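K.L.:
Sharing a model that was predicted from the sequence below.
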Amino acid sequence: MRKLLLILLLLVAAPAWAQTATWIDSGGDATTDTSMASTTSGTVTVDAVTFHTGPNSYKIGTGAATGQFNRTNVLADAGRRCSIWYNFPDATPATNTFITLFEDSAGATNVIRMRLNTTGKLEMLSTASLGSEGATVLSDNTWTRIGVSYTISGTTANITVRINGNTELTLTGVTLANASTNRLSIRTNVSTTTFFTDDIWCDDGTDLGDPGDIRVTAKRPISNGTTNEFTTEVGAGPAPNGIGTGHAPNVSERPLSTTYGWALNKSDIKTEEYNIQTISAGDVDITGLTIKGVLGWVRADANPTPENGSIMLQGSSSGTIALTSTAATFFKIGSATYPAGTGTDIGLVTDTTANIDSLYEAGIVIGYLNGAAAACVQSLMLLGAGGC
């Protein structure tokens, strides 16, 4: 019995939790805009009516115009696993519609394409079909988790598609017209088709497995951290939509804004950092749930000279971000643990360039297994082969 329990612990816990996130997106909850995209085209908006987790989702298209949400540096050929929630007001569109593309960095090459057909079923394509469409007919106005896992060697790919965790398509040794994936593109190429997307997760798994029922929520700065060296207030604060104490209200706004923040005229390395909301506070209480990954983000600029700053995340400021005179949003993937709340949860660290550096907004996005999935894993650990 002990051997069985040990095997179950290894099988259940290790494969699902050992992967590192490459992208985590809460569907507009963090910033209430599309600034987490590398680029957008057509019409992509944040919707506060139809959402899966938290207060918002991305609405792709309008029903009269197409829309495209792109995120670069998310994908790679060695292996990627993405879990994304979708809601289709019309799950049987009048025209076959591409809904997610796995592309090269520029988006010029569509390596793998996922299409929702007029039958309401999913199909995977390169330039042509990679196999028959799936068997499941998706439902209108229903949140559905679609997972795509793949590996590519040369132009040969293995692909597994899942719907709500159930295997829908298994494509082995299929030939792609092109290789080298980098950019995730969630889109509609048909102007009459619109849909919503939320809880976006990609990791570096190479096992073609299912990342699991991952939900994503945003947490905001709530108090000053260990070091707060930015002493010039941007805007006549505190920001009306901010929360918390100390410097936090000016950098915790929703929607994201550059009207408020904190700045410093400096010529040395300076740090501005915060504690974020506790695990039970904010949009979703995730106490006791399994944390899958953390993404930190900041909105900042440096004037007049470009410089290489860094994001302080979970006590580490490794890596660089290219600050310029144009305010931009920067991201960093952290470890799969909830920030400790010891003064270094999220923030900005400058370099020695003589500049006026400004931090306008900051926050953290958390990917976690939903309660039912976490309870299921715990039951397997305790009861052996009981199933869920």
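P.N.:
On my side now, so go ahead.

K.L.:
So in terms of bridging, what pairs with the residue nearest to residue 358 when sequence neighbours are not counted?
P.N.:
The shortest distance from residue 358 to any non-neighbouring residue, by Cβ to Cβ, 6 or more residues apart in numbering, is to residue 263 (4.1 Å). Placement of C-beta: from N, CA and C, glycine included. Counting by DSSP bridges, residue 263 is bridged to residue 232, residue 358.

K.L.:
Touching, residue 263 and residue 350? I think so.
P.N.:
No. Using Cβ atoms under 8 Å, residue 263 makes no contact with residue 350, being 10.8 Å away.

K.L.:
Please identify which of these two sits among more neighbours.
P.N.:
Neighbour totals were compared for residue 263 and residue 350, and residue 350 leads with 25 against 21 (other Cβ atoms under 10 Å).

K.L.:
ok now do the residue lying closest to residue 254 once chain neighbours are set aside, which residues does it touch?
P.N.:
The shortest distance from residue 254 to any non-neighbouring residue, by Cβ to Cβ, 6+ apart, is to residue 32 (4.9 Å). The contact partners of residue 32, by Cβ atoms under 8 Å, 6 or more residues apart in numbering, come to 46, 56, 254-256.

K.L.:
cool, residue 251 as well?
P.N.:
So residue 251 contacts 221, 242, 260-262, 274, 359-362 (Cβ under 8 Å, 6+ apart).

K.L.:
quick one: which two of these are the most distant?
P.N.:
Greatest spacing in the contacts of residue 251, by Cβ to Cβ: 260 and 274 (14.2 Å).

K.L.:
Quick check: mean pLDDT of stretch 28-41?
P.N.:
For stretch 28-41, mean pLDDT is 97.

K.L.:
Just the buried positions in it, please.
P.N.:
28-33, 35-38, 40 (16 or more other Cβ atoms under 10 Å).

K.L.:
got CSV for those, with distance to residue 145 too?
P.N.:
Shown next, in CSV, are these (distance: Cβ to Cβ, whole Å):
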residue, distance to residue 145
28, 18
29, 17
30, 20
31, 23
32, 23
33, 24
35, 25
36, 20
37, 21
38, 23
40, 23
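
K.L.:
Show me which of those is closest to residue 87.
P.N.:
residue 28 (13.6 Å).

K.L.:
Is it correct that the closest one is in contact with residue 58?
P.N.:
Yes. Applying Cβ under 8 Å as the test, residue 28 and residue 58 come out as touching, 5.7 Å apart.

K.L.:
Extract the residue ranges of the protein that are flagged as low pLDDT.
P.N.:
1-17, 372-388 (pLDDT under 70).

K.L.:
so what's in contact with residue 28 and residue 58 at the same time?
P.N.:
Shared contacts of residue 28 and residue 58 (Cβ under 8 Å, 6+ apart): 34, 46-47.

K.L.:
show me the residues around the closest residue to residue 315 other than its chain neighbours that make contact.
P.N.:
Spatially, and ignoring its direct neighbours in sequence, residue 315 is nearest to residue 344 (4.3 Å; Cβ to Cβ, 6+ apart). If you count contacts by Cβ under 8 Å, 6+ apart, residue 344 has them with 225-226, 273, 312, 314-315.
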